[in-house]
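[1] All I have is the shape, not the residue letters:
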């Protein structure tokens, strides 16, 4: 039996608060399935299972803060397919018995009313964690659905169909409804900020009278619960300050910068956007991020971690993208394998990542394994960024605003769009020659945007 523990979701995380369970005892989960929502000083993160098996006992109650490494639940090993599949196949082929067997005929043959009643009796415990989690994210009430699966089971298709149907603005997610009951909030009076007006937990907390909490506080030895609204802004500033102090103290930074002519890249982007629907158009940030990722593939010495006194190369180019949060502070989740994504895919992934970062729906893997961080403050009017490396990474890339400047090309002076690209790198892992090679590759790629 394996232990599901509070994960480390970044070098600045020492503890986390279990905000919500996405599974129940008896649920079957696969490695990578989201099983819980953990709140850190920076954001609420969906944490995935490290094992495949069945959820055993839940050891920590929602609302409890525990140190990293604390067991949260037990995961029992998965049964062998033959052992668990054979009885089910036999049961599925068993013909319906007449009412004389002592059981009502409706126990095996049901209409819509019967399946709905069965689903209500079960409380949707059999729906599986992914279906329930999908329903929560889409603001769909499982209790209101007629399942199309075997025995009235609600399927993913049922949830997706319900998510696209018109809904009442006062409808809330399951967690929001439960929180509303606990805090005495009338959901019909709450304005939802979720998809199609769905009421989210944050909306309920804002509408609650007096101090707001994430869930009912529990005590578990050294564990402690603290109000989310009071904790996060202060905790985030403390976490950022502590990590950056450590980075400045322990990492011998060196800094390089170059100015990149963006004329070719901007012309290519404008031509691409002219042929595409509005929703698929690119922004300069997509080209800059793709160039940074491709350059990291060509100069792998800057793509990885400094641990145990040595450099470890990243298994892929997982580009951490700095995202500013609405309540202040920032977080840098990863675009996985960014060097392999086509530009439209990267643009869509960037929008999705930023949206989920600001609504507290990031996955644990997205915040724990970036191999190189990029910060782009061009939309804020900044022309150059000299960042601090996020340990244990060994480099940080910064891009400023694309601006028009006098620029000489082939001996002729004209006005061209340019951007300042900067590199902060760890002198323990590389020297300036490696950093210069990286910026040269970034420049070359942006001069040939068709290669991106």
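    Structure received. Quantities reported herein were computed from a predicted structural model and do not represent experimental measurements.
[2] Correct me if wrong, but residue 419 is in a helix.
    No: going by DSSP: H, G, I helix; E, B strand; the rest coil, the assignment for residue 419 is strand, not a helix.
[3] and it, what pLDDT?
    We have a pLDDT of 97 for residue 419.
[4] what do you get for residue 348?
    At residue 348, the predicted lDDT confidence score is 94.
[5] which element is it on?
    Assessed by DSSP states H and E, residue 348 sits inside helix 343-358.
[6] so which helix or strand takes in residue 249?
    In this structure, residue 249 sits in helix 228-250 according to DSSP H and E.
[7] cool, and residue 367?
    helix 364-368.
[8] mean confidence score for the helix holding residue 249?
    For helix 228-250, mean pLDDT is 74.
[9] again with stretch 295-308
    96.
[10] Pull out the buried residues from it.
    295, 296, 297, 299, 301, 302, 303, 304, 305, 306 (16 or more other CB atoms under 10 Å). (Each C-beta comes from the backbone N, C-alpha and C, glycine too.)
[11] of all those residues, which comes closest to residue 78?
    Nearest to residue 78 among the buried residues of stretch 295-308, counting by CB to CB, is residue 305 at 31.8 Å.
[12] OK, contacts around the closest one?
    Neighbour list for residue 305: 311, 312, 314, 371, 392, 393, 394 [criterion: CB atoms under 8 Å, 6 or more residues apart in numbering].
[13] Give me the neighbour count for residue 325.
    Look at residue 325: counted by other CB atoms under 10 Å, it has 17 neighbours.
[14] What's the separation between the residue nearest to it when sequence neighbours are not counted and residue 318?
    Spatial nearest neighbour of residue 325, chain neighbours left out: residue 358 (5.9 Å); criterion: CB to CB, 6 or more residues apart in numbering. Relative to residue 318, residue 358 is positioned 20 Å away (CB to CB, to the nearest Å).
[15] One more: residue 240?
    If you measure residue 240 against residue 318 using CB to CB, the figure is 21 Å.
[16] The two: which is more packed in?
    Between residue 240 and residue 318, counted using other CB under 10 Å, the more crowded position is residue 318 (24 against 18).
[17] quick one, what contacts that one?
    Applying CB under 8 Å, 6+ apart, we find residue 318 in contact with 334, 335, 336, 337, 338, 369, 370, 371, 372.
[18] so the fourth one sits right up against residue 314, yeah?
    No: using CB atoms under 8 Å, residue 337 makes no contact with residue 314, being 10.4 Å away.
[19] Show me which of those two is the more surrounded one.
    Between residue 337 and residue 314, residue 314 has the larger neighbour count (other CB under 10 Å), namely 19 against 14.
[20] quick one, what contacts the more buried one?
    300, 303, 304, 305, 371, 372.
[21] these two touch, right, residue 71 and residue 7?
    No: contact between residue 71 and residue 7 fails when scored by CB under 8 Å: they sit 11.7 Å apart.
[22] So the two - more neighbours on which side?
    Set residue 71 next to residue 7 and count neighbours by other CB under 10 Å: residue 7 wins out with 21 against 14.
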